[in-house]
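Student: Okay, sequence plus prediction incoming.
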Amino acid sequence: MDECRRLCIVTDAFPLEEYPINHFLEQLVFAFADLGITCDVIAPHCPLFLRIKGIAYKPKAHSVRLTKQGNKVNVYCPSFLSFMGRKRLGINFLSLYQKAHCRSAMRFLRKHNQEYDAFYAHFILPSALTAVKLGRKYNKPVFFAYGDSSIDDILRTFSPDYLRKQLQTVNGVIAVSGKNRRELIDHHLVDADKIGVFLNAIDPSTFYVTNQNDARKELGIGPEDFVVAFIGHFDNRKGSRRVSQAIERLEGVKSIFIGAGKAAPDCRGILFSGRLPHHKIVTYLNAADVFVLPTLAEGCCNSIIEAMACGLPVISSNLPFNDDILDASNSIRIDPRSIDEIADAISLLQASHEKRKELSDGALKTAEKLTIDKRAENILTFMNARCG
């Protein structure tokens, strides 16, 4: 086989309007479809686990999504019964969940008798391990994306030896950053020559620069306000509270916090705090002056790229996962644990329109290179080269 023209994308969740998860996967799949690739998504899910967790993810068994160019993507969401969690009393519940996810995908393919050129899995757990078994059964190439923020959780669930054995037959890995590629190599999970680095990207028709005054009028924000934007889970890893504490030390700073979680911000001057539909985020970003995300761990952060595409200077972590997308031309990089450094960086940009403009120009130049259509083309080229 020379080309991958029919792809089966294996994942554990595909976004719904009311539950916007994995939007970056949806964008990639839609970009594949707009390049003429037939794409079917198989996203097995466990309703019992979702109910227990209070997660409002209730997909239809089958839906047809349309790309902006009008191409169809079939999304299949078979259900299965399992428990999920970490190891307790000697039982590896995530391993049981993994097996149930795989059985569900297997049953679906047996029932529908679909033919594919290759399997593409979104992340190692549970999808890549499921895709590996599907590839062996149907004698098809297997690829998986590795964009986890940390490999530690994976290695706490499955031993390196087990993962090496399972992943040794994959044809290629799409790592979202140099840091992610190094993790796979350092733990000897996949041969280095099988791993390509493809930075995450944005759809420029979804994230782009608009007039700031118009965005502020729409949202009821004053033209004189200095506004910090944050996007991410409200938790310690993303740093919502650290941003909140830094802003509390400053005068004249307003804020937008897009996300949800237990570590909700509580500083003065919050203009918005909560979830938003993905397509509405662009307006809030364009209403801001700077994007702040003191995250402790990432693969390659989509929110940062989205903010840069809207022309925002970035304040974020000086840790290696940001090395591929952030430098002195587009950002101020800080110790993500230091509230002092976060506050100082915000204060610097608040005081200097010239510095904001300099970093804004650099952010736009970086984002222009990170478009989803180009990323999809590069990934397909990589896959086709490894399918022969």
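Tutor: That came through, no problem.
Student: Low-confidence regions, the stretch 51-200 of the chain specifically.
Tutor: The stretch 51-200 of the chain contains residues with pLDDT under 70 at 83-91.
Student: And the strands in it?
Tutor: Here the stretch 51-200 of the chain has its strands, by DSSP state E, counting those that start in this stretch, at 62-66, 72-76, 87-88, 91-92, 118-122, 142-146, 172-175, 195-197.
Student: Packed most tightly, which of those strands would that be?
Tutor: Highest mean neighbour count among the strands of the stretch 51-200 of the chain (mean count of other CB atoms under 10 Å): strand 118-122, with a mean of 28. Every C-beta, even on glycine, is put in place using the N, C-alpha and C of the backbone.
Student: The biggest helix by length in the chain packs against which elements?
Tutor: Across the chain, the longest stretch assigned as helix under DSSP state H is helix 93-112. Contacts defined by 3 or more CB pairs under 8 Å, 6 or more residues apart in numbering; DSSP states H and E place helix 93-112 against strand 38-42, helix 129-138.
Student: which of the residues in the longest one are buried?
Tutor: Right, helix 129-138. By 16 or more other CB atoms under 10 Å, the buried positions in helix 129-138 come out as Leu129, Thr130, Ala131, Val132, Lys133, Leu134, Gly135.
Student: Sort out which one of those residues lies nearest Asp161 for me.
Tutor: Nearest to Asp161, judged by CB to CB, of these is Leu129 at 14.1 Å.
Student: Just list the residues touching the closest one, thanks.
Tutor: With contacts defined as CB atoms under 8 Å, 6 or more residues apart in numbering, the neighbours of Leu129 are Gln98, Cys102, Gln166.
Student: Identify, from the buried residues of helix 129-138, the entry nearest to Thr366.
Tutor: Ala131 (31.6 Å).
Student: wait, that closest one sits on Tyr120?
Tutor: Yes. Counting by CB atoms under 8 Å, Ala131 does reach Tyr120; the two are 7.4 Å apart.
Student: okay, and the common contacts of the two?
Tutor: Shared contacts of Ala131 and Tyr120, defined by CB under 8 Å, 6+ apart, comprise Val10, Phe143, Phe144.
Student: closest to Pro47 among those?
Tutor: For those, the nearest to Pro47 is Val10 (18.8 Å; CB to CB).
Student: how many neighbours does the closest one have?
Tutor: Applying other CB atoms under 10 Å, we find 29 other residues in the vicinity of Val10.
Student: List the contacts of it.
Tutor: Here Val10 is in contact with Ile42, Ala43, Ala105, Phe119, Tyr120, Ala121, His122, Ser127, Ala128, Thr130, Ala131, Leu134 (criterion: CB under 8 Å, 6+ apart).
Student: how about a cut-off of 10 Å?
Tutor: For Val10, the contact set (CB atoms under 10 Å, 6 or more residues apart in numbering) comprises 40-44, 101-102, 105, 119-123, 126-132, 134-135, 142, 144.
Student: so Ser63 touches Pro15, yeah?
Tutor: No. Counting by CB atoms under 10 Å, Ser63 sits too far from Pro15 to count as a contact (11.3 Å).
Student: now the helices for this structure?
Tutor: Going by DSSP H, the chain shows helices at 23-34, 47-53, 93-112, 129-138, 152-157, 160-167, 178-186, 212-219, 240-248, 281-286, 302-309, 339-351, 353-368, 372-387.
Student: for those helices, which one ends up most surrounded?
Tutor: It is helix 302-309: most buried of those by mean count of other CB under 10 Å, with a mean of 26.
Student: For that helix, enumerate the helices and strands it packs against.
Tutor: Counting contacts by 3 or more CB pairs under 10 Å, 6 or more residues apart in numbering; DSSP states H and E, helix 302-309 is packed against helix 23-34, strand 226-231, helix 281-286, strand 290-293, strand 314-317, strand 331-334, helix 353-368.
Student: out of the ones you listed, which comes closest to Lys194?
Tutor: Lys194 sits nearest to helix 23-34 of all those, at 19.3 Å, using CB to CB.
Student: Pull the distance from the closest one to the chain's centre.
Tutor: Offset of helix 23-34 from its chain centre (CA atoms, centre = their mean, to the nearest Å): 12 Å.
Student: quick one: Leu125 from Gln98, how far?
Tutor: As for Leu125, its distance to Gln98 is 7 Å (criterion: CB to CB, to the nearest Å).
Student: Now do the shared contacts for these two.
Tutor: Common contact partners of Leu125 and Gln98 (CB under 10 Å, 6+ apart): Asp12, Thr157, Phe158.
Student: neighbours of the first one, just the number please.
Tutor: Counted by other CB under 10 Å, the residues lying close to Asp12 total 21.
Student: residue contacts, it?
Tutor: 21-22, 43-46, 57, 97-98, 101, 121-123, 125-127, 130.
Student: Test my guess that Phe272 contacts Ile258.
Tutor: Yes. Applying CB under 10 Å, one finds Phe272 in contact with Ile258, separated by 7.3 Å.
Student: Wait, Thr157 touches Asp148, no?
Tutor: No. At 11.7 Å, Thr157 does not count as touching Asp148 under the criterion of CB under 10 Å.
Student: For these two, list the residues in contact with both.
Tutor: Common contacts of Thr157 and Asp148 (CB under 10 Å, 6+ apart): Ile124, Leu125.
Student: Would you check that Asn318 makes contact with Leu326?
Tutor: Yes. Assessed by CB under 10 Å, Asn318 is found in contact with Leu326 at 8.8 Å.
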